[in-house]
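Chemist: sequence? don't have it. structure:
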């Protein structure tokens, strides 16, 4: 085989691309991953590391767009829509609005639940069988409420949805939450505990996936910025990068939030927008939460590992604008300070921002292209890339290798967008 030729070329070395590589290598394919930075340097790096079947409910709930529109004058709002005029973002918002119906909400929730639950099982198997060093802990996620109004709203639109989907959720009184989590300040009104969730340290998880890919004979080209896609007829024939040209029988587009930018070269209009998230990583405080948790009124996610402590979340739609928004970083600190005795660790280790790949219908785009004969897509996972990674790789490998899928692939297919 030519040194630059592979059976499968994966564009993107984040958690999704690496999971696809592992499943394809298991199926006997010769795999090469092209990564413009280092493995997992994008949104795979700084997210909160929660593995959450409990997050089956999509953002496309009636009323969500109204919340976003009311945020345009509040740059520190948990869900913030930048008022700057932007044609692609406006088209995405109009499409998103069309999906904010109860019918689409329920359909997306069932599809998300299927891939999240399957992915959790596969990920746990990987961690235990391969002894992955990523601080994986299966101890659930806790939603904490200081407002009975917020708790009542979540009971109706979140807890009851999980009941219908068969995903376990436990209703807790305020005193039960306080006993469970001494790290919380007084004033907790109640909680929802999701025992079927887990947590891990995402940067270490991605590093371990990259190690497995290399050990199994896969190649990871770092610093390979993609410059041009070369096509012939309906076939993608080669990928030109800063490291040279690479060819393969088949190509997987797994570039996360960068997917729409590269997709333009192929005439693909991916209905996605970058949703900017932020996180703060500290050394571990003395009184750290025992469980991963979400402080619901502040919309702050808190994750504790043996090696550290992270505050994260928020969603900012500002197109491809780079850099930290200091007001949003400060909002994380303030939100944590309202709920925790020790909201920050002794040492600040990292202030981070990254783009999540938000699809217009809040479902990932996974499967063969209808426009290009040898292209597969694996993108659009929103805030759940780590949670959905293992099952996404399994779906891509099943499509490519002609194997049966463990879950129904239909809801995620690119054909729903004529891609």
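Modeler: That came through, no problem. Since this is a predicted model, take the numbers as computed values, not measurements. Numbers count the residues shown, from 1 in each chain.

Chemist: alpha carbons only for contacts and neighbour counts from here, please
Modeler: Noted.

Chemist: where exactly do the strands run in the stretch 251-400 of the chain?
Modeler: Residue ranges of the strands in the stretch 251-400 of the chain, as given by DSSP state E, counting those that start in this stretch, are 272-282, 292-295, 300-305, 308-317, 348-359, 365-368, 375-379.

Chemist: Would you mind listing the buried residues in the longest one?
Modeler: The neighbour-count check on strand 348-359 (16 or more other CA atoms under 10 Å) flags 351-359 as buried.

Chemist: Quick one: these as a markdown table, columns for pLDDT and distance to residue 127 too.
Modeler: Compiled in a markdown table, the buried residues of strand 348-359 are given as follows (pLDDT from 0 to 100; distance: CA to CA, whole Å):
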| residue | pLDDT | distance to residue 127 |
| --- | --- | --- |
| 351 | 94 | 28 |
| 352 | 93 | 26 |
| 353 | 91 | 27 |
| 354 | 91 | 25 |
| 355 | 92 | 26 |
| 356 | 93 | 24 |
| 357 | 94 | 25 |
| 358 | 94 | 27 |
| 359 | 97 | 28 |
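
Chemist: Which strand residues bridge residue 9?
Modeler: Here residue 9 shows beta-bridge partners residue 32, residue 251, assigned using DSSP bridges.

Chemist: Where among the strands of the stretch 251-400 of the chain is average confidence lowest?
Modeler: Considering the strands of the stretch 251-400 of the chain one by one, the lowest average pLDDT is found for strand 308-317, at a mean of 88.

Chemist: Out of the strands of the stretch 251-400 of the chain, which is closest to residue 250?
Modeler: Using CA to CA as the measure, strand 375-379 is the one of the strands of the stretch 251-400 of the chain that comes nearest residue 250, at 6.0 Å.

Chemist: helices and strands around the closest one, which ones?
Modeler: Packing partners of strand 375-379 (3 or more CA pairs under 8 Å, 6 or more residues apart in numbering; DSSP states H and E): helix 15-26, strand 244-253, strand 365-368, helix 385-401.

Chemist: Going along the chain, name the helices of the protein.
Modeler: When secondary structure is read from DSSP state H, the chain shows helices at 15-26, 43-46, 64-70, 87-99, 102-130, 148-154, 160-165, 174-180, 202-215, 259-263, 326-339, 385-401.

Chemist: Other residues contacting the fourth one?
Modeler: When contacts are taken as CA atoms under 8 Å, 6 or more residues apart in numbering, the neighbours of helix 87-99 outside the stretch itself are 60, 65, 105, 271-273, 319, 360-361.

Chemist: Show me the two of those residues that sit farthest apart.
Modeler: With distance counted by CA to CA, no two of those lie farther apart than 105 and 319, which are 24.3 Å apart.

Chemist: OK, contacts around residue 242?
Modeler: Contact analysis of residue 242 by CA under 8 Å, 6+ apart lists 223-227.

Chemist: Give me the distance between residue 134 and residue 306.
Modeler: Using CA to CA, to the nearest Å, residue 134 is found at 10 Å from residue 306.

Chemist: Looking at the two, which one has more neighbours?
Modeler: For residue 134 against residue 306, the residue with the higher neighbour count under other CA atoms under 10 Å is residue 134, and the figures read 19 against 10.

Chemist: Pretty sure residue 204 is one of the things that one touches, is it not?
Modeler: Yes. Taking CA atoms under 8 Å as the definition, residue 134 is a contact partner of residue 204 at 4.9 Å.

Chemist: Share the number of residues neighbouring the closest residue in space to residue 196 that isn't next to it in sequence, please.
Modeler: The shortest distance from residue 196 to any residue that is not its chain neighbour, by CA to CA, 6 or more residues apart in numbering, is 5.6 Å, and that residue is residue 140. Residue 140 is surrounded by 20 other residues when neighbours are defined as other CA under 10 Å.

Chemist: which residues does residue 140 contact?
Modeler: Taking CA under 8 Å, 6+ apart, we find residue 140 in contact with 193-199, 291-292.

Chemist: How many residues are close by residue 339?
Modeler: When neighbours are counted by other CA under 10 Å, residue 339 comes out with 23.

Chemist: any idea how far it lies from residue 301?
Modeler: Plainly put, residue 339 is 11 Å away from residue 301 if you go by CA to CA.

Chemist: Report the set of residues contacting both of these two.
Modeler: residue 295.

Chemist: ok, the nearest residue to residue 295 once chain neighbours are set aside - contacts?
Modeler: Nearest residue to residue 295, sequence neighbours excluded (CA to CA, 6+ apart): residue 144, at 5.1 Å. When the contact criterion is CA under 8 Å, 6+ apart, the partners of residue 144 are 177, 188, 190-192, 293-296.

Chemist: how about those residues in JSON lines, adding neighbour count and distance to residue 242?
Modeler: Listed next are these as JSON lines, based on neighbours: other CA atoms under 10 Å; distance: CA to CA, whole Å:
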{"residue": "177", "neighbour count": "22", "distance to residue 242": "53"}
{"residue": "188", "neighbour count": "19", "distance to residue 242": "54"}
{"residue": "190", "neighbour count": "21", "distance to residue 242": "54"}
{"residue": "191", "neighbour count": "26", "distance to residue 242": "51"}
{"residue": "192", "neighbour count": "23", "distance to residue 242": "49"}
{"residue": "293", "neighbour count": "24", "distance to residue 242": "42"}
{"residue": "294", "neighbour count": "23", "distance to residue 242": "41"}
{"residue": "295", "neighbour count": "21", "distance to residue 242": "44"}
{"residue": "296", "neighbour count": "20", "distance to residue 242": "44"}
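
Chemist: As TSV, those residues with distance to residue 154 would be great.
Modeler: Conversion of the contacts of residue 144 to TSV gives the following (distance: CA to CA, whole Å):
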residue	distance to residue 154
177	16
188	15
190	11
191	10
192	9
293	15
294	12
295	13
296	9
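
Chemist: which residues does the closest residue to residue 117 other than its chain neighbours contact?
Modeler: Once its chain neighbours are removed from consideration, residue 117 has its nearest residue in residue 53; the separation is 5.6 Å (CA to CA, 6+ apart). Contact analysis of residue 53 by CA under 8 Å, 6+ apart lists 113, 116-117, 120, 167, 196-197, 387.
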